[in-house]
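**Q** Structure for the following, please:
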Amino acid sequence: MIKVPTERGEITISNAVLTTITGAAATNCFGVKGMAYRSVSDGLVHLLQPQSMSKGVKVFYNDDNTVTIELHIVVENGVNITTVCRSIMKEVKYMVSQNTGVEVRDVNVCVDSVNIG
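**A** Coordinates of the predicted model:
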């Protein structure tokens, strides 16, 4: 959880809020099939359902009251992966900052799979 100071007190934002905003922002970008999750038991990458897309997001809290976000995605076949990732980085940074007031230091995008079909 991260605390955002205001002139009237402090607002505490949970990890679930940050992961939900991040997952929604990422999956709205062109070329993204969905969020990914690598299973510990079998090592396979699974495409997550929309209601559980926050499993593909990790939030790290930095000492300077900023966050670093890591997300795992599945992209569509035939898209420029670099362009899609840059778009996700900008969109996630903007949406998290706009909706929570939390400064995002870094957004790291991991492409775990390409959807063929």
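**Q** contacts and neighbour counts: CA atoms only from here.
**A** Noted.
**Q** what ranges do the strands span in this structure?
**A** 2-6, 9-13, 32-38, 45-47, 57-61, 67-76, 104-115 (DSSP state E).
**Q** Adding mean pLDDT, write these out as JSON lines.
**A** Converted to JSON lines, the strands of the chain look like this (pLDDT from 0 to 100):
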{"stretch": "strand 2-6", "mean pLDDT": "82"}
{"stretch": "strand 9-13", "mean pLDDT": "90"}
{"stretch": "strand 32-38", "mean pLDDT": "89"}
{"stretch": "strand 45-47", "mean pLDDT": "83"}
{"stretch": "strand 57-61", "mean pLDDT": "94"}
{"stretch": "strand 67-76", "mean pLDDT": "95"}
{"stretch": "strand 104-115", "mean pLDDT": "94"}
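**Q** Reformat those as a markdown table; add mean neighbour count.
**A** Output for the strands of the chain, formatted as a markdown table (neighbours: other Cα atoms under 10 Å):
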| stretch | mean neighbour count |
| --- | --- |
| strand 2-6 | 13 |
| strand 9-13 | 11 |
| strand 32-38 | 23 |
| strand 45-47 | 18 |
| strand 57-61 | 17 |
| strand 67-76 | 23 |
| strand 104-115 | 17 |
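**Q** Can you add distance to Arg86 and give those back as CSV?
**A** What follows is the strands of the chain, written out as CSV (distance: least, Cα to Cα, whole Å):
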stretch, distance to Arg86
strand 2-6, 25
strand 9-13, 26
strand 32-38, 12
strand 45-47, 21
strand 57-61, 17
strand 67-76, 13
strand 104-115, 9
